[in-house]
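Asks: Provided below are the primary sequence and the corresponding predicted coordinates.
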There are 4 protein chains.
Amino acid sequence: MSTESWKTAITRIEPNKIIIHGYRLEDLMGKVTYPQMIYLLIKGELPPVNTGKMIDAILVSSVDHGVTPPSCQAAITVATTGAALNASIASGILAINEFHGGAIEKGMGILQAAVELVKKENLSADEAAGRTVKSYLDRKQKIMGYGHRFHTNDPRTRRLFELAGEYGFNGPYLRMSQAIEKALHASTGKNLPINVDGAIAAVLCELNIPAELANAFFIMARLPGLIAHIYEEKTRYKPMRQINFAQAEYDGPDERNP
Amino acid sequence: MSTESWKTAITRIEPNKIIIHGYRLEDLMGKVTYPQMIYLLIKGELPPVNTGKMIDAILVSSVDHGVTPPSCQAAITVATTGAALNASIASGILAINEFHGGAIEKGMGILQAAVELVKKENLSADEAAGRTVKSYLDRKQKIMGYGHRFHTNDPRTRRLFELAGEYGFNGPYLRMSQAIEKALHASTGKNLPINVDGAIAAVLCELNIPAELANAFFIMARLPGLIAHIYEEKTRYKPMRQINFAQAEYDGPDERNP
Amino acid sequence: MSTESWKTAITRIEPNKIIIHGYRLEDLMGKVTYPQMIYLLIKGELPPVNTGKMIDAILVSSVDHGVTPPSCQAAITVATTGAALNASIASGILAINEFHGGAIEKGMGILQAAVELVKKENLSADEAAGRTVKSYLDRKQKIMGYGHRFHTNDPRTRRLFELAGEYGFNGPYLRMSQAIEKALHASTGKNLPINVDGAIAAVLCELNIPAELANAFFIMARLPGLIAHIYEEKTRYKPMRQINFAQAEYDGPDERNP
Amino acid sequence: MSTESWKTAITRIEPNKIIIHGYRLEDLMGKVTYPQMIYLLIKGELPPVNTGKMIDAILVSSVDHGVTPPSCQAAITVATTGAALNASIASGILAINEFHGGAIEKGMGILQAAVELVKKENLSADEAAGRTVKSYLDRKQKIMGYGHRFHTNDPRTRRLFELAGEYGFNGPYLRMSQAIEKALHASTGKNLPINVDGAIAAVLCELNIPAELANAFFIMARLPGLIAHIYEEKTRYKPMRQINFAQAEYDGPDERNP
């Protein structure tokens, strides 16, 4: 085995010093938010306050979706066997893949290619969107980030775009995602609105996050939701119960305003 | 298999409605922070702004510790084999257990018992701390949350306590953790300062978080760090390299101010 | 990080040499069976042929239980999201815990204590069994390894005991497990036959396997079953289907003789 | 969520009946070996005795490789934190991927394509091997299954091929793997002998196992090795030790004959 040294650019550890990308951790605490830290860790630079707010809104938008997604079901199924909290979480995270959460990464790829097309071929957003949609439909491929199995008009999408405008991220990727929605409707006649994955994809493009980390954002967002469901399972139910996820009924507080 | 219905109090999912503990998700986005959402999901109620800030500071305090902890080493070791991002994360999370991160839960138990002692036996904090330390030392058990293998004077502890004062959480658990530090020094003659686990334990007690979820906070905190190291491994190094963690050298930016 | 050397007694790796507990791997291939290798790896010595046959029968006895156990459900739930085979397996294994598979370890503890009682107090097996059952019932604790949620007369138990007799493992632990079954019936009036976990517990005691490795045997046994279900999911169904495990119907071959 | 029924062809569970691909489990115990069961579960039919022996030899060949592979390192790294056995195993399995174990699947693809070429173009094995090697070298791609970072003349390969001959599996895929070895040597001048991954790939092709399950065989093979290392870690060492895998020294029995 090699005894060669190797480099890491993230964190320097010395006695009584933890320095992340050059910043002492105690100088960051109370000064920058956790969402800003996420950006710092990934991109190596501290982002402006609004970038932190935008990431915060992304995390909040995907924090939970009840017991319907496979990640939650896998976590609860493992929790009921007496698994430790971390093992139950790990199982839930193992369920976040190409077909569950993965639409964000694919959506980012589509938007990046379409915006690239605008620049390269000197097209309008609508022209590039039209070509993109046509090429996908011709190959009978799904354009990820549009339509949802539960929600026909996802309230998270609307709100995320609203906040993107407010925080100053209404840029070319957001416009392209809307142009594609329009082009998709024109070509198919179907109503396939931008879903939350598509909206997050657009915003992450605006934030210049690498597409390979799209799933990381979904995992960070969903983690508190997984923890809440695992904790409920462990404190409310007996181990090894037979769980039929189609039979879950909500019995939390009635609708209220924050 | 049972076809009986069962209850969950966390999230209600209906077409175009995602309602978490009674709040529509789109009403929360941009209004409450991700750390506040963590509290809402776990405790069922929206916390005051300062609770969110306190949780934020906890998360930031433990966001990364370089390549020294086993969670990071497990994540990198899995990443180098070509594992997907989520599988590498899962492996890192599986390493957060009794002896790595687990001191927070144990520390909470010690503080809760000692504060209980104050009430029950009508003692001063110092008296309860003295009895607690004596009972641990008599049984030759370690009091978790004091001393650190790297840091003799952990800068994260100091800052976390400072912020707890600022945000209004300088309550009985913080005072007890300091009383125990003093009693420990008096009994052993050794300098065993409160470490970051001990400090987080005290603050989570102030926030009324169940001790069984201590590990959950450490996992949420450390997740962005794991992601950063996995991403570095995948983008900077060739697969299946022989990794000697003792030979890692930091080559990020020099020390700077935020 | 330490650069100290440390010891491992399992395998020596040199160029063109893989030596397991002293045996060259190529000398073992074709000469000892995989179940014998399991014993060698765990106990450090090559076992007699019949020990290998007994372990083989244990593995076969628990190789699959359809889609009813949580380990299988967790594996399938993860597989449907597009997870890699190994991630799906990992999720299934994370579901094998105290309340699923864990009865073997607990059962071993009960049998070991009861057989110890025979020696220490010079009792008959029936007397020790009676005391054991009484002490559990008095504390209202479940004696693990008896009764089953599906099977009132588990065909695997009968066959495993039959083979244990044939291979020469009908020793004190098997007899004790039967004495406890009898005592349990006498005390409760209920029919709580030894289940497959209890039978495996007895046989693993006869093989002198440490109880802490009971779960390891269940995991090894169940692995091919998990793989088969994951492979079926991936080849037979579309990703992200809504799976109701209560609605699974068998459509494999009709009953036949091996 | 769907309440539709769905089909599974693997196992039928009824009270007191566990029927795997039509066979009652108790009829299989003691009659067919665990390696035969693996085949039955995956392929749906009971294989001849020699197929079982061949699978057994594959499993034995890859049962352990000391503390050098990342799967073992990940498992030990997680075990030292106090993780449960199953969580430590899961972490090890998460490290078995494209670049660790994955050569078997890729090797199978190469052999299947080359044997297909023989049939389609009416070539000799040597001609097809030559074309295959040329096409890989032209694209500067690695032919998986040849050469090894530790072993220049892997004793497992030789023995596996010997046993394949003995058990009647010396067919077109084995011959092709040897023809490619020869062609590779002729084209590059380098000695790149078939490694154990390549040998297993050839034998799994002979057994008509789907290439997508290659990793499953490696995982089944390596599981007892992972368990042995985790158990050693938990019983021989204190938690949270700093592990330098480059400094491990074997202290098991001296070389001996089985």
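Replies: Done, it's in.
Asks: wait, does the lengthiest helix in chain A contact chain C?
Replies: When chain A is parsed with DSSP state H, its longest helix is helix A:214-236. No: judged by CB under 8 Å from any CB of the partner chain, helix A:214-236 stays clear of chain C, getting no closer than 11.2 Å. (Glycine included, C-beta is placed from N, CA and C.)
Asks: ok, the nearest residue to residue A:205 once chain neighbours are set aside - contacts?
Replies: Closest residue to residue A:205 apart from its sequence neighbours, by CB to CB, 6 or more residues apart in numbering or on different chains: residue A:173 at 3.7 Å. Applying CB atoms under 8 Å, 6 or more residues apart in numbering or on different chains, we find residue A:173 in contact with A:111, A:112, A:115, A:201, A:202, A:203, A:205, A:206.
Asks: let me see the ranges of the strands in the stretch 1-150 of chain A.
Replies: With DSSP state E, counting those that start in this stretch, the ranges of strands along the stretch 1-150 of chain A come out as A:6-8, A:11-14, A:17-20, A:23-24.
Asks: from what I can see residue A:42 touches residue B:228, true?
Replies: Yes: using CB atoms under 8 Å, residue A:42 and residue B:228 qualify as a contacting pair, with a distance of 5.8 Å.
Asks: more neighbours: the two, which one.
Replies: residue B:228 (28 against 21; other CB atoms under 10 Å in any protein chain shown).
Asks: residue A:72 contacts residue A:225, correct?
Replies: Yes: the pair residue A:72 / residue A:225 is scored as a contact, 6.9 Å apart, by CB under 8 Å.
Asks: list residues touching both of these two?
Replies: Common neighbours of residue A:72 and residue A:225 are listed as A:64, A:65 (criterion: CB under 8 Å, 6+ apart).
Asks: can you tell me the centre-most residue of chain A?
Replies: Computing the C-alpha centroid of chain A and ranking residues by CA atoms, centre = their mean puts residue A:218 first, at 3.3 Å.
Asks: that one and residue D:173, how far apart?
Replies: 41 Å (CB to CB, to the nearest Å).
Asks: can you check residue A:145 too?
Replies: Counting by CB to CB, the separation of residue A:145 from residue D:173 is 43 Å.
Asks: next: residue A:18.
Replies: Using CB to CB, one gets 54 Å for the distance from residue A:18 to residue D:173.
Asks: please apply the same query to residue A:165.
Replies: Computed with CB to CB, the distance linking residue A:165 and residue D:173 is 61 Å.
Asks: does residue A:90 touch residue B:93 like I think?
Replies: Yes: using CB under 8 Å, residue A:90 is in contact with residue B:93, at 4.9 Å.
Asks: who's more crowded, the two?
Replies: Per other CB under 10 Å, whichever of residue A:90 and residue B:93 has more neighbours is residue A:90, with 34 against 31.
Asks: distance check, the nearest residue to the more buried one once chain neighbours are set aside against residue C:192.
Replies: Nearest non-adjacent residue to residue A:90, counting by CB to CB, 6+ apart: residue B:90, 4.0 Å away. As for residue B:90, its distance to residue C:192 is 38 Å (criterion: CB to CB).
Asks: with residue A:185 instead?
Replies: Taking CB to CB as the criterion, residue A:185 is separated from residue C:192 by 64 Å.
Asks: swap in residue A:218?
Replies: In this structure, residue A:218 lies at 47 Å from residue C:192, with CB to CB as the measure.
Asks: what residues does the residue of the stretch 151-258 of chain A at minimum distance from chain C make contact with?
Replies: Closest approach of the stretch 151-258 of chain A to chain C (CB to the nearest CB) occurs at residue A:239, with a separation of 4.0 Å. Residue A:239 makes contact with A:80, A:81, A:82, C:98, C:99, according to CB under 8 Å, 6+ apart.
Asks: correct me if wrong: the fourth one contacts residue A:82.
Replies: Yes: the pair formed by residue C:98 and residue A:82 meets the contact definition of CB under 8 Å, at 3.7 Å.
Asks: those two: which is more packed in?
Replies: Neighbours per residue (other CB under 10 Å) separate residue C:98 from residue A:82, with residue A:82 holding more: 20 against 17.
Asks: the more buried one and chain D, how far apart?
Replies: According to CB to the nearest CB, to the nearest Å, residue A:82 and chain D sit 10 Å apart.
Asks: residue A:39 now?
Replies: Computed with CB to the nearest CB, the distance linking residue A:39 and chain D is 27 Å.
Asks: ok, how many other residues are close to that residue?
Replies: For residue A:39, which is what you asked about, the neighbour count (other CB under 10 Å) is 23.
Asks: verify the stated contact: it with residue A:49.
Replies: No: using CB under 8 Å, residue A:39 is not in contact with residue A:49, being 11.1 Å away.
Asks: quick revisit: what is the orientation angle of the longest helix of chain A with helix B:214-236?
Replies: Orientation check (axes from the mean of the first three to the mean of the last three CA atoms, to 10 degrees): helix A:214-236 against helix B:214-236 gives 160 degrees.
Asks: buried residues in whichever helix or strand comes after helix A:214-236, which are they?
Replies: Using DSSP states H and E, the helix or strand that follows helix A:214-236 towards the C-terminus is strand A:248-250. Residues of strand A:248-250 classed as buried under the neighbour-count rule (16 or more other CB atoms under 10 Å in any protein chain shown) are A:248, A:250.
Asks: gap between strand A:248-250 and the chain center?
Replies: When C-alpha coordinates are averaged (CA atoms, centre = their mean, to the nearest Å), strand A:248-250 and its chain have centres 25 Å apart.
Asks: is chain D within reach of that strand?
Replies: No: looking at strand A:248-250 against chain D by CB under 8 Å from any CB, there are no contacts, and the closest approach is 8.7 Å.
Asks: which other helices and strands contact that strand?
Replies: Counting contacts by 3 or more CB pairs under 8 Å, 6 or more residues apart in numbering or on different chains; DSSP states H and E, strand A:248-250 is packed against strand B:6-8.
Asks: distance of the residue in the stretch 101-250 of chain A positioned nearest to chain D relative to residue A:67?
Replies: Among all residues of the stretch 101-250 of chain A, residue A:246 sits closest to chain D, at 3.7 Å; criterion: CB to the nearest CB. The gap separating residue A:246 from residue A:67 is 10 Å, by CB to CB.
Asks: same thing with residue A:203?
Replies: Residue A:203 sits 27 Å away from residue A:67 when distances are taken as CB to CB.
Asks: residue A:77 now?
Replies: Using CB to CB, we find residue A:77 at a distance of 11 Å from residue A:67.
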